[in-house]
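1. For reference, the sequence and a predicted model appear below.
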Amino acid sequence: MSDLAAALDVVGARWALLIVERLLDGPQRYGDLQRDLGAPTNMLATRLRELEAAGVLSRLPLRHNTRAYALTDRGLALRAAIVALEHWGAENTSDPST
């Protein structure tokens, strides 16, 4: 398996990189992630579990059975890739004919 394929196994699923991008700003509560991303709740829960199992993020306990999520060092290491994808998107997705 190539290194790219291995990386996509971890963060290539729909919503995964968007979750990581939101967490680059700091820990977020589940409800805030759901509201900000607009991800279906079952999909968000699945991606959070997968990213936690992959060591990309960790769950933080809060009061009253609420949860927050924060990136691990492994997750923070995705910052450069996300910034590069944002730049690529800004330069290449507005008009595909140019």
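-> On my side now, so go ahead. No experiment lies behind these values; they were computed from the predicted model shown.

2. Give me the neighbour count for residue 48.
-> By the measure other Cβ atoms under 10 Å, the count of residues near residue 48 is 22. Where you see a C-beta, it was placed from the backbone N, CA and C, and this is true even at glycine.

3. Equivalent analysis for the one 5 residues further on, please.
-> The number of residues packed around residue 53, counting by other Cβ under 10 Å, is 10.

4. And it, how close does it get to residue 31?
-> Residue 53 is 22 Å from residue 31, where distance means Cβ to Cβ, to the nearest Å.

5. And for residue 86?
-> 25 Å.

6. One more: residue 41?
-> Relative to residue 31, residue 41 is positioned 10 Å away (Cβ to Cβ).

7. what do you get for residue 76?
-> Distance of residue 76 to residue 31, given as Cβ to Cβ: 23 Å.

8. Likewise for residue 75?
-> From residue 75 over to residue 31 (counting by Cβ to Cβ), the distance is 20 Å.

9. Which one's more surrounded, those two?
-> residue 75 (23 against 13).

10. For burial, what's the neighbour tally of the nearest residue to the more buried one once chain neighbours are set aside?
-> Of all residues not flanking residue 75 in the chain, residue 56 sits nearest, at 4.1 Å (Cβ to Cβ, 6 or more residues apart in numbering). Residue 56 has 25 neighbours, counted by other Cβ under 10 Å.

11. show me the residues around residue 56 that make contact.
-> 10, 11, 20, 71, 72, 74, 75, 78 (Cβ atoms under 8 Å, 6 or more residues apart in numbering).

12. that's a strand at residue 58, yeah?
-> Yes. Counting by DSSP: H, G, I helix; E, B strand; the rest coil, one finds residue 58 located in a strand.

13. I'd like the distance between the nearest residue to residue 41 once chain neighbours are set aside and residue 6.
-> The shortest distance from residue 41 to any residue other than its chain neighbours is 5.8 Å, reached at residue 34 (Cβ to Cβ, 6+ apart). When distance is defined by Cβ to Cβ, residue 34 is 28 Å away from residue 6.
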